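**Q** let's see this in three dimensions:
(4 chains)
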Protein chains: 2
Amino acid sequence: MTREEVANICKAMSDANRLRIIEMLSSGEKCGCELLEELQVTQPTLSHHMKVLSDCGLVSSRIEGKWHHYSISSERFADYKEYIVAISCNKKQNKEVSCCCNK
Amino acid sequence: MTREEVANICKAMSDANRLRIIEMLSSGEKCGCELLEELQVTQPTLSHHMKVLSDCGLVSSRIEGKWHHYSISSERFADYKEYIVAISCNKKQNKEVSCCCNK
DNA sequence: AGTATACATAGATGGTTGTCAATATGTTTT
DNA sequence: AAAACATATTGACAACCATCTATGTATACT
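**A** Presented below is the predicted three-dimensional model:
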């Protein structure tokens, strides 16, 4: 997973409404109308958000008649998790660290 | 950590240059000039990115003379990780799930 | 066939973002 | 004091974003 892909996923998750959607999907797939009931947005806005989440690969959908069932793409999400968890954020920050500028 | 805070952190991480910065900081603190050498941006642009990363609490800095040493705020990052890991992305997607619309 | 429902698309709008050049501020060195 | 260095701020600009209204498309129900 490239850095650009991670950036795209982060961008998709950088909106509170889309985070709410992901939270809802984390308990299992939901149809659009069900998501719409919870969020304070119009239907076209929800449609836009679902497109953003789908385009970055985070969410996949399954059509059944007139209903679209959305769910988190677990493989894709696992790759993202892996990237985040790999950021170690070293605690032992040596205060006497040599700077690049000490020439 | 509120959903808005997570969204802000995601927004800060939604740029490939800033992700690169975070990757570099994950191996320990770095001064601005050191980050600048790696990235293909001007100094004001780097300064802007560091402000974005600082404003969301992801990065903290330590001033030593004319050098600013940046590092990942491990507590803040841990909170973010916790949120991400908590998203379970349920694999058992019951195909016969009852839709909200079955009235 | 006609109506209702679920979702997508198009177009508009106000706000935000990443980037740069120019300039300012503060620190170290000579 | 002057020059060099590290970083921040300002102002500008093109690109992008979240949202809405209006409309289109497709499916299901009566």
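**Q** and chain A, which residues reach DNA strand D?
**A** A:11, A:14-15, A:17-18, A:40-42, A:44-45, A:48-49, A:52, A:65-66, A:101 (CB under 7 Å from any atom of the strand). In short, each C-beta sits where N, CA and C put it, glycine included.
**Q** can you give me the strands for chain A?
**A** Assigned by DSSP state E, the strands in chain A fall at A:30-31, A:59-64, A:67-72.
**Q** quick one: buried ones out of the residues of chain A next to DNA strand D?
**A** Buried members of the residues of chain A next to DNA strand D, scored by 16 or more other CB atoms under 10 Å in any protein chain shown, are A:11, A:14-15, A:17-18, A:49, A:52.
**Q** same list (these) but as TSV, adding pLDDT.
**A** TSV is the format used below for these (pLDDT from 0 to 100):
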residue	pLDDT
A:11	98
A:14	98
A:15	98
A:17	98
A:18	98
A:49	98
A:52	98
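**Q** ok, back up a step: mind checking which of the strands of chain A is nearest chain B?
**A** strand A:67-72 (4.0 Å; CB to the nearest CB).
**Q** need the nearest residue in space to the residue at minimal distance from the centre of chain A, chain neighbours excluded.
**A** Centroid-nearest residue in chain A, with CA atoms, centre = their mean: residue A:13, separated by 4.2 Å. Leaving aside its sequence neighbours, residue A:13 sits nearest to residue B:10 (CB to CB, 6 or more residues apart in numbering or on different chains; 4.2 Å).
**Q** pick out the most distant pair among the buried ones among the residues of chain A next to DNA strand D.
**A** Maximum pairwise distance in these, criterion CB to CB, is 13.8 Å, between A:11 and A:17.
**Q** OK, contacts around residue A:18?
**A** A:12, A:49, A:52-53 (CB atoms under 8 Å, 6 or more residues apart in numbering or on different chains).
**Q** and the closest residue to residue A:63 other than its chain neighbours, what are its bridge partners?
**A** Using CB to CB, 6+ apart and skipping the chain neighbours, the partner closest in space to residue A:63 is residue A:69 (7.6 Å). Judged by DSSP bridges, the bridge partners of residue A:69 are residue A:31, residue A:62.
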